[in-house]
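**Q** Got a sequence here, can you build the structure:
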Amino acid sequence: MAQGFAAVKSMFAEKSEEGDEEEDAVCDADDKVCNSGDLSMTGDQFDPKSLASNPFAFPIGVWSLPEASYYGLSVQQCKEMGIDAGEGVALYAECLRGLVFSPNGLLKLVFDKSNGRIMGVHICGDDACELIHYGMELVKAKRTIDDVLGNLYSAVTFHEMYRIAAMAAVDEAGARKRRAAAGRAVTARNRGIKE
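**A** Just a heads-up that it's a prediction; the model follows:
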């Protein structure tokens, strides 16, 4: 638990002056929840700042409305590393579960255009913090867009969006048309108009 507190504190705490050890302490002295975790078990090499800046250390999730999560690299980070990256986007409204339960949201797969390897996954919408774990596995296992296209995904699950995003990666023009049609359908539904 102390690692989690340390990572969050390093991300959001105000920067302190060099040598101010009291301000740099991971836990406040009176914080029983934080101090119940033994930071010494993490070893002397634990550096929460490295966890916060490493997009492959752990999946990031924000339980907000809507939820947001990501794992791996963004298109911009890929380009900064010299990787020619592309992205495939799936709207929640493009899958059956999204249409029925929660049409507002999207899933994005970031991939290396030279070999199709998935470099990152970004999700905003219902259950994003749960869906990201499959995306993390795709990145860690060095799966490609073709691997995702070769899999079957159950209907009436949000995981179907992974395949939709992979299809969007290989057919950008068709994906734009499908997203526009899904957007029109959601707008009509939200306004109570039937098309």
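
**Q** Doesn't Glu87 lie inside a strand?
**A** Yes. With DSSP: H, G, I helix; E, B strand; the rest coil as the criterion, Glu87 is part of a strand.

**Q** How many neighbouring residues does it have?
**A** 18 (other CB atoms under 10 Å). Heads up, the C-betas are built off the backbone N, CA and C, glycines and all.

**Q** Gln76 is in contact with that one, correct?
**A** No. Using CB atoms under 8 Å, Glu87 makes no contact with Gln76, being 10.8 Å away.

**Q** Low-confidence regions, this protein specifically.
**A** Along the chain, the model assigns pLDDT under 70 to residues 1-53, 193-195.

**Q** Now do the strands in it.
**A** For the chain, the strands defined by DSSP state E cover 60-62, 68-72, 85-91, 106-112, 118-124.

**Q** Note down every partner strand of the second one and its orientation.
**A** For strand 68-72, the pairing partners within the sheet under DSSP bridges are strand 60-62 (antiparallel), strand 118-124 (antiparallel).

**Q** which of the residues in the longest helix anywhere in the chain are buried?
**A** Secondary structure assigned by DSSP state H gives helix 172-191 as the longest helix of the chain. For helix 172-191, a neighbour-count test (16 or more other CB atoms under 10 Å) marks Ala175, Arg178, Arg179, Ala182, Val186 as buried.
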